[in-house]
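**Q** One predicted model, sequence on top.
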Amino acid sequence: MTKNISILIGSLRRGSYARKIARNIIDYFPDDYGVRIVEIRDLPLYDFDYDDPEVTDKPTPPEYTSFRGAIKASDGVLFVTPENNRTIPACLKNAIDIGSKPNGDVAWRRLPAGIISHSVGRMGGYSSQKNLRLSLSYFDMPTPGVPAHSKRQRLAS
């Protein structure tokens, strides 16, 4: 049985390090995994009016429906993101918000997640990981408990 993994890139820039990491990481998955990048670059900013049944003059954008469907069809999600101003980039937060609605049909619920973060600083994206984990915990998304570099440091001590 094939496992479907969606990779979300927390950067819109075509030449970003996050995008380069995401493209390279695909080859590390076993052959029986279906791995694809799910683009977030064209998602309109989240607006609850799109999902509010009482608002009839603002239909849900097709990009929302397509994105939510791609996430729901996944067996897991890998987030590859830079750290921006000690947190996750706005485009990634927007995608998380879109997948969190409608309330009765959350795309993220209990979906296993991995996170690869990076930063120009010495912390290697620690703050983006911390903030992303906080957002994902709301949806009961299991994530690895300790970033790999921290585990190596602990084992080396």
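**A** That came in fine, so what should we check first?

**Q** Name the next helix or strand following the helix or strand that contains residue 63 along the chain.
**A** Assigning secondary structure by DSSP states H and E places residue 63 in helix 62-72. Later in the chain than helix 62-72, the nearest helix or strand by DSSP H and E is strand 76-82.

**Q** What are the contacting residues of that next one?
**A** By Cβ atoms under 8 Å, 6 or more residues apart in numbering, the surrounding residues in contact with strand 76-82 are 3-11, 16-19, 21-22, 25, 71, 88-89, 92, 108, 111-119, 125, 128, 132, 141. Any C-beta I mention is one placed from the backbone N, CA and C, and that applies to glycine too.

**Q** Following element in sequence after that strand, please.
**A** Using DSSP H and E, the next helix or strand after strand 76-82 towards the C-terminus is helix 90-99.

**Q** Tell me the buried residues in that following helix?
**A** 91-93, 95-96, 98-99 (16 or more other Cβ atoms under 10 Å).

**Q** Serialize these to JSON lines and add fields for distance to residue 63.
**A** What follows is these, written out as JSON lines (distance: Cβ to Cβ, whole Å):
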{"residue": "91", "distance to residue 63": "13"}
{"residue": "92", "distance to residue 63": "15"}
{"residue": "93", "distance to residue 63": "16"}
{"residue": "95", "distance to residue 63": "10"}
{"residue": "96", "distance to residue 63": "15"}
{"residue": "98", "distance to residue 63": "8"}
{"residue": "99", "distance to residue 63": "12"}
